[in-house]
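> Here is a sequence together with a model predicted from it:
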Amino acid sequence: MVRILGISASPRRANTEILVKESLDAAAGMPFDVETEFVSFVGKKIEPCTDCAACVRNKDYCWKKDDWLELVSPLLDTPPDGLIIGAPVYFYSVNSMLRAFFERCTCLFKQLWHEDFPHTPPDWTKTAAGALAVGFHRHGGVENALTNILQVMLSNGFVCVGGDYIGGAAWQMEIDSREAVKEDEIGLTAARQVGKRVAYTAHLLQEGRKTAEDIALLKIG
């Protein structure tokens with residue numbers, strides 16, 4: 001079973017959510033067992049990281065009492081085989097909620113610099129990942145938002161894939177509607193491609209691990 005997690009970083013149930021669910025549906029349609037999970041930022045509160053180092057002093061994850069830990073938990077206990085993150089484009093980049101979500105993840109890796117920190121950093125090196133973004137204007141920063149997401153994924157060890165070009169780029173055609181992206185067939189197709197490629201790459205990584213384990217057992221035997 002390949003488990004794919006889709007995250008919609010929009011504060012609204014609108015175009016980004018449609019795009020992420022379209023991508024997850026495409027992943028679920030692959031010719032092997034795929035389980036999908038959807039996480040939304042709607043109604044959630046995520047404070048930004050202030051580099052206060054309280055996580056290091058307290059030897060625990062970030063002290064801020066908001067929804068960040070709940071939202072990141074599906075990536076921690078058992079890392080998914082695949083991850084798809086979608087964001088709306090705000091001022092040529094991702095929205096502040098997603099940026100804050102990413103920044104708060106710094107506390108997950110403190111053991112790399114502080115040996116007495118009790119939480120082992122998550123291993124995302126076996127997780128395939130792809131990015132989606134939807135903007136109001138055709139040239140309003142969609143590719144830059146995709147790049148922002150992919151840069152964070154790469155810096156945290158994910159195995160990144162593209163879609164149509166570098167990810168699932170979509171736009172609202174300058175239509176002020178929460179469902180405008182449904183009319184962007186190119187964007188929807190790109191989102192589906194991301195879903196399929198994340199699922200397929202996750203499947204390959206999973207099968208590769210099994211083969212490596214079998215080889216190791218043969219050597220031991």
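Thanks, I have the structure now.
> mind listing the strands for the protein?
For the chain, the strands defined by DSSP state E cover 2-8, 34-40, 82-90, 93-94, 128-135, 159-160, 168-171.
> Once you drop chain neighbours, what's closest to the spatially most central residue of the chain?
The chain has residue 85 as the residue nearest its centroid, 3.4 Å off, counting by Cα atoms, centre = their mean. Once flanking residues are discounted, residue 85 sits nearest to residue 7: 4.8 Å by Cβ to Cβ, 6 or more residues apart in numbering. In this view, the C-beta of every residue, glycine as well, is placed from N, C-alpha and C.
> What residues are bridge-paired with that neighbour?
For residue 7, the beta-bridge partners are residue 39, residue 85 (DSSP bridges).
> Longest helix in this protein, by number of residues?
Scanning the chain for the longest helix, with DSSP state H as the assignment, gives helix 185-220.
> tell me which residues of that helix are tucked away?
187-203, 205-206 (16 or more other Cβ atoms under 10 Å).
> and if you look at stretch 165-173?
Of all the residues in stretch 165-173, those buried under the rule 16+ other Cβ under 10 Å are 166-172.
> State the mean pLDDT of it.
On average, the pLDDT along stretch 165-173 is 92.
> any low-confidence regions in the chain?
Along the chain, segments meeting pLDDT under 70 span 214-221.
> 90 - rerun?
By pLDDT under 90, the low-scoring segments of the chain are 77, 137-140, 163-165, 173-175, 208-221.
> need the contact list for residue 170.
Residues in contact with residue 170 (Cβ atoms under 8 Å, 6 or more residues apart in numbering) are 15, 19, 132-135, 142, 181, 184, 186-188, 190-191.
> leaving aside the residues next to it on the chain, what's closest to it?
residue 187 (2.5 Å).
> Just the CA atoms of stretch 78-97, as CSV, please.
The C-alpha trace of stretch 78-97 is given here as CSV (Å, rounded to 0.1, in the frame of the first residue of the first chain):
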residue,chain,number,x,y,z
THR,A,78,4.9,7.2,10.0
PRO,A,79,6.1,9.4,7.1
PRO,A,80,3.9,9.1,4.1
ASP,A,81,5.2,7.4,0.9
GLY,A,82,4.1,10.5,-1.0
LEU,A,83,3.3,14.2,-0.3
ILE,A,84,1.4,16.7,-2.4
ILE,A,85,1.3,20.3,-1.2
GLY,A,86,-0.9,22.9,-2.8
ALA,A,87,-0.9,26.6,-2.2
PRO,A,88,-2.7,29.8,-3.4
VAL,A,89,-0.4,32.4,-4.9
TYR,A,90,-0.2,35.6,-2.7
PHE,A,91,2.0,38.4,-4.0
TYR,A,92,4.0,36.2,-6.3
SER,A,93,4.7,33.6,-3.6
VAL,A,94,3.0,31.1,-1.3
ASN,A,95,0.6,32.3,1.3
SER,A,96,1.8,33.2,4.8
MET,A,97,0.1,30.2,6.5
